[in-house]
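Enquirer: A predicted structure for the sequence below; I have some questions about it.
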Amino acid sequence: MATQWKIDAMHSEVNFKVRHMMISNVSGNFKKFDGSAESEGDDFTTAKIEFTVDTASINTNSEQRDGHLQSPDFFDAAKYPQIKISGKGLQKVDDENYKLTADVTIKDITNPVTFNVEFGGIDKDGYGQTKAGFTVTGKINRQKFGLTWNAVTEAGSIIVSDDVNLNAELQFVKQA
């Protein structure tokens, strides 16, 4: 019998880092996201994983930059309100580390992306809820998803790198 898991957004976060002017990193996160997994018992190696991120919830601690990222130059949040991630089964590397190959869709462009997944374990919280924790890391090339805006500095450096590093701390709650 399949076990249903739901993201615990209060104990999860979705973050990213991108090189700016090729001299430093700019960090940000998404404030609104949702996800679920369906597994055989507590075994995530067979899990079907669905995850969405609301593009309008992007936060880089700069209202002006967030507005630009929500615009058609980047996510076009009004037209494409969600990033979708759909994966099936974690491939075991060792007792704590897995790989997840998932279809990632941004602006209606879908590409496979392989993420590193560290399994933190399963435990019951103080309210008797069974929870599973994961740290997910990976990298995407934003150009492959239609996020092509860029500019060049006076010195010839590009403003935003193509590679975006992703990091998510995710906690799932087993559904009754």
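Expert: Sure, I can see it.
Enquirer: So what does Pro72 have for phi and psi?
Expert: Main-chain dihedrals, Pro72, degrees, to the nearest 10: phi -60, psi -20.
Enquirer: Next up, the contacts around it.
Expert: Counting by Cβ atoms under 8 Å, 6 or more residues apart in numbering, Pro72 makes contact with Lys79. Using the backbone N, CA and C atoms, a C-beta is placed for each residue, glycine as well.
Enquirer: What distance do you get for it to Ala78?
Expert: With distances defined as Cβ to Cβ, to the nearest Å, the gap from Pro72 to Ala78 amounts to 8 Å.
Enquirer: Also Ser39?
Expert: According to Cβ to Cβ, Ser39 stands 35 Å off from Ala78.
Enquirer: the more surrounded of these two?
Expert: For Ser39 versus Ala78, the count of surrounding residues by other Cβ atoms under 10 Å is larger for Ser39: 21 against 11.
Enquirer: Okay, buried residues for the strand or helix carrying that one please.
Expert: Under the criterion of DSSP states H and E, Ser39 resides in strand 33-40. When neighbours are counted by 16 or more other Cβ atoms under 10 Å, the buried residues of strand 33-40 are found to be Phe33, Gly35, Ser36, Ala37, Ser39.
Enquirer: I'd like the next helix or strand past it.
Expert: Under the assignment DSSP H and E, the closest C-terminal helix or strand after strand 33-40 is strand 43-54.
Enquirer: quick one: strands adjacent to that next one?
Expert: Each strand paired with strand 43-54, and its direction, by DSSP bridges: strand 33-40 (antiparallel), strand 82-88 (antiparallel).
Enquirer: Compare these and give me the one nearest Gln175.
Expert: Within the strands paired with strand 43-54, the stretch nearest Gln175 is strand 33-40; the backing value is 8.6 Å (Cβ to Cβ).
Enquirer: Out of the buried residues of strand 33-40, show me where the pLDDT dips lowest.
Expert: Sorting the buried residues of strand 33-40 by pLDDT puts Ser39 at the bottom of the list (91).
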